[in-house]
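A.B. asks: sequence below, structure please.
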Amino acid sequence: MSKYILITEAALDFCLTNNRLGEDFLPLVGDSIKCHPQSNEIDGYFAASEPSEPYFSLINKQCLVQISAMNVSANDIYRRIARVLKGFKSPPVHLPRQWSEYHRKNLIAFFALSRGISSLRWIADLNGDVNGVRFDILASASTEVDLDRYEPTPWPASIEGALKEIASRRFKSSTANNSSTLTPEVDLKAIGSSSIVNNLTYEEWKRRLTQNQESILTQPIDCSIRIVGPAGSGKTLALCMKAMQISRDTSVISKGKKILVATHSWAMAERIDGILDALNGGTPPEGITTFPLLSLLQLHAGHIGQKRMDVIGEDSSEGRSKSVDIIRRILSTHNVIDENGMSPWLANGLRASEDSRSRLELIVNLYDEISGVLTASGVSSDDADSISEYFSNSREDWMPPFVTQADKEFVISIYRGFTQELIDMSCITTDQFVLDSIRILETFTWRMRKETEGYDYIMVDELQLFDPQERSALELLGRSRKGVPFITSEDPSQGIFSALNTRPKSVQNEPIYLDTVHRFNKEIFDLVYFIYRKFPLNNISLKIAQNQAAQEDRPRLYMRRSEDDAIALACKLVAEKNTSSINSDNICVVTLGDVDNKITDCLESLKLPTIRMTSFDDVEQLAYSKRSIVVAPWQYVGGCQFTHVFVVTATLETPESQFAKLKELTSVYLSCSRAIESLTFISSGYTPSVIKDAMGHGLIIQQQ
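C.D. replies: The predicted structure is shown next:
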């Protein structure tokens, strides 16, 4: 039996985009993929119309057997292999930071799977003489392979003969015009970084900036700036342009100053990396570090205490998801004896089924209360004094609606169970880790270390996603004791922490408002602007870029009596749009209610290629999918753009508290602002009030 499979880049792309990987993790041969034993060592897989000198991956079969026993998808493995191969083709190899890549000469080590699944790491070696990357070793993190001492075995002597054999067996697919039968891939960059930067360099963008964007670059490099604007106004581009400007300053270069761009998740860090690479002509710029906050704190503050405590989640967004899962488990076994005195919404959530929208709303509110109120104010589950203070404190509008004494007593009971489960797991939440890190960063030890480890410029993308504690931790990462230039981009309408969006009086940050929107056509812009003005303090007048033409159709609303009718109609409309769209279009179904499973099942029953997003980082899987319908909750589509967006509000209930009303307004605003050409709403029962209001102003057309 052969030791390796050799798979060309073209064959690898075809297998990933067409789901042509078998249960044994080997490519499935057919009309478009052929396999030929190239030698006793190698089985070669190649596609139709291969180039004369193809790039390829050489993969140890035993490694595939080892991974296949772990109950994971072959696509997950091969997507990472393909990412390395494409990086090798267009050097330097630059992998997602959460893969923890490490380079030495022609070797690269990185996590083969998400660290939540496995700690196995590929040890890959790059061979420029034959255009190949070999994946020969899977090492456990516990073995700590030292790349500085690791010597790979020689490549198979038969590799050149295998490549000649592929060249001699080149073929054309018998399927007529095979390449055109495939719909284009959903390009991760097309809905992410490239949609922002449009493959233009820093120099090219300098000639295209709006007057307000240009004013950001005219500010002194040591000036703190707050870039504020609605979705689609170019905030992230302006932030990255400023980072590039600072990194190219001669005084910054000569003094070796460090620029930090902080994000809330790895997915956002990847997007920023892509923008910076494009602005710099395709290579990573020098002197700029892009990291999620949690990874920064793990790097600089380390682990707390003598006993190692694991942090749940690789970034703030994943930590939130895992904390929510813990609360969900606690609620499923929690017995409530007396509902007297509880708010009606809370009692309803407790009585509702575990997969209902009411229960989901309760879980999310509990998370926000635990992380944003209890943890932030230092309430301890075994400290009677701090609990008494929590009971007696007044409630503010931005807080979750636990307003009665019975509500708060219930919260504390869940908090105790939550804390105990973390103790049993020897884990802490990301919120707790941030607070502990702040204490470390306020010590004299860090004051000494930050002279070398701190940053001279701190830039933050999507500031509205960071709570006050996370913002405090970011400021402590500055190298100077008096503070460093702090440059942020934000849309207060997209985050629940906008009410707390203040800066210390000691920091003079110049606000610059971006008032020109580039993303939408005129009809969608009019609606987004209408919703934008509904938020407190959003008083600036917006205008649309001149190159955004008006369309014939305004956003539309379909109202149905039942949830099932609304879902069936949504899937029918999506199918029709998918048929009539051109190949470069992409479609997203954004959900405001708990209907993702049903919509995904319905679309798949219609034989439509569908991808369901369940976290921020799921956008990575879109890179190797044919033009698929994306189904995602509104929280996970921030930063992405889609040609056509369908917003499904089925299962929503009338919000009672100010907190719930603001969250609903935010969800509608964020969902609408993802669309470029067409926007459709489908509701059942309750329709969000802002949508009805917009319909009354003629901005949305109701359809039957």
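A.B. asks: and the strands in the stretch 301-450 of the chain, which stretches?
C.D. replies: 310-311, 427-428 (DSSP state E, counting those that start in this stretch).
A.B. asks: among those strands, which is the most enclosed?
C.D. replies: With neighbours taken as mean count of other CB atoms under 10 Å, the strands of the stretch 301-450 of the chain reach their highest mean count in strand 427-428, at a mean of 19. The C-beta positions use only the backbone N, C-alpha and C, and glycine is treated the same way.
A.B. asks: outline the domain layout of this protein.
C.D. replies: What automatic domain parsing lists as the domains of the chain is 4-181, 188-301+433-514, 310-425, 522-703.
A.B. asks: using JSON lines, lay out these together with mean pLDDT.
C.D. replies: Listed next are the domains of the chain as JSON lines, based on pLDDT from 0 to 100:
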{"stretch": "domain 4-181", "mean pLDDT": "83"}
{"stretch": "domain 188-301+433-514", "mean pLDDT": "81"}
{"stretch": "domain 310-425", "mean pLDDT": "83"}
{"stretch": "domain 522-703", "mean pLDDT": "84"}
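A.B. asks: the closest residue to His36 other than its chain neighbours is in what secondary structure piece?
C.D. replies: Distances taken as CB to CB, 6 or more residues apart in numbering put Gly44 closest to His36, at 5.4 Å, once the chain neighbours are dropped. Assigned by DSSP states H and E, Gly44 falls within strand 42-47.
A.B. asks: identify all contacting residues around that strand.
C.D. replies: For strand 42-47, the surrounding residues in contact (CB atoms under 8 Å, 6 or more residues apart in numbering) are 2-8, 10-11, 13-14, 27, 29, 32-38, 54, 58, 156, 158-159, 162, 165-166, 169.
A.B. asks: buried among these? Make that a ChimeraX selection.
C.D. replies: The buried residues among the contacts of strand 42-47 can be selected in ChimeraX (16 or more other CB atoms under 10 Å) with this line:
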select :3,4,5,6,7,8,10,11,13,14,27,32,33,34,35,36,38,54,58,156,158,159,162,165,166
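A.B. asks: quick one: the helices in the stretch 251-400 of the chain, in order.
C.D. replies: Ranges of helices in the stretch 251-400 of the chain, per DSSP state H, counting those that start in this stretch, are 266-279, 293-300, 316-333, 344-351, 357-369, 384-392.
A.B. asks: between those helices, which gets nearest to Asn597?
C.D. replies: helix 357-369 (12.1 Å; CB to CB).
A.B. asks: circling back to that earlier point, would you turn the helices of the stretch 251-400 of the chain into JSON lines with mean neighbour count and distance to Phe659?
C.D. replies: Below are the helices of the stretch 251-400 of the chain laid out as JSON lines (neighbours: other CB atoms under 10 Å; distance: least, CB to CB, whole Å):
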{"stretch": "helix 266-279", "mean neighbour count": "24", "distance to Phe659": "25"}
{"stretch": "helix 293-300", "mean neighbour count": "20", "distance to Phe659": "24"}
{"stretch": "helix 316-333", "mean neighbour count": "18", "distance to Phe659": "17"}
{"stretch": "helix 344-351", "mean neighbour count": "18", "distance to Phe659": "11"}
{"stretch": "helix 357-369", "mean neighbour count": "21", "distance to Phe659": "8"}
{"stretch": "helix 384-392", "mean neighbour count": "13", "distance to Phe659": "17"}
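A.B. asks: redo those as TSV? Include distance to Thr614.
C.D. replies: Formatted as TSV, the helices of the stretch 251-400 of the chain follow (distance: least, CB to CB, whole Å):
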stretch	distance to Thr614
helix 266-279	12
helix 293-300	19
helix 316-333	8
helix 344-351	22
helix 357-369	13
helix 384-392	32
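A.B. asks: to Val589, which of these lies closest?
C.D. replies: Counting by CB to CB, Val589 lies closest to helix 357-369 out of these; the figure is 16.7 Å.
A.B. asks: that closest one to helix 384-392, inter-axis angle?
C.D. replies: Counting by axes from the mean of the first three to the mean of the last three CA atoms, to 10 degrees, helix 357-369 points 120 degrees away from the direction of helix 384-392.
A.B. asks: what about Thr445, how many residues close to it?
C.D. replies: 10 (other CB atoms under 10 Å).
A.B. asks: contacting residues for His94?
C.D. replies: His94 sits next to Gly87, Asp273, Asp277, Pro284 when contact means CB under 8 Å, 6+ apart.
A.B. asks: in a strand, it, correct?
C.D. replies: No: using DSSP: H, G, I helix; E, B strand; the rest coil, the assignment for His94 is coil, not a strand.
A.B. asks: make residue 1 into 48 and carry on from there
C.D. replies: In the new count, where the first residue is 48, that last one comes out as His141.
A.B. asks: any idea which helix or strand comes after the strand holding Gly91?
C.D. replies: strand 103-107.
A.B. asks: may I have the strands that pair with that following strand, each with its orientation?
C.D. replies: The pairing partners recorded for strand 103-107 under DSSP bridges are strand 51-55 (antiparallel), strand 179-187 (parallel).
A.B. asks: Cys635 is nearest to which of the ones you listed?
C.D. replies: Among those, the nearest to Cys635 by CB to CB is strand 51-55 (31.4 Å).
A.B. asks: ok so, going back, tell me which of the helices of the stretch 298-447 of the chain lies nearest to Lys282.
C.D. replies: Nearest of the helices of the stretch 298-447 of the chain to Lys282, taken as CB to CB: helix 313-326 at 11.7 Å.
A.B. asks: packing partners of the closest one?
C.D. replies: Using 3 or more CB pairs under 8 Å, 6 or more residues apart in numbering; DSSP states H and E, the elements in contact with helix 313-326 are helix 240-244, helix 282-294, strand 306-310, strand 335-339.
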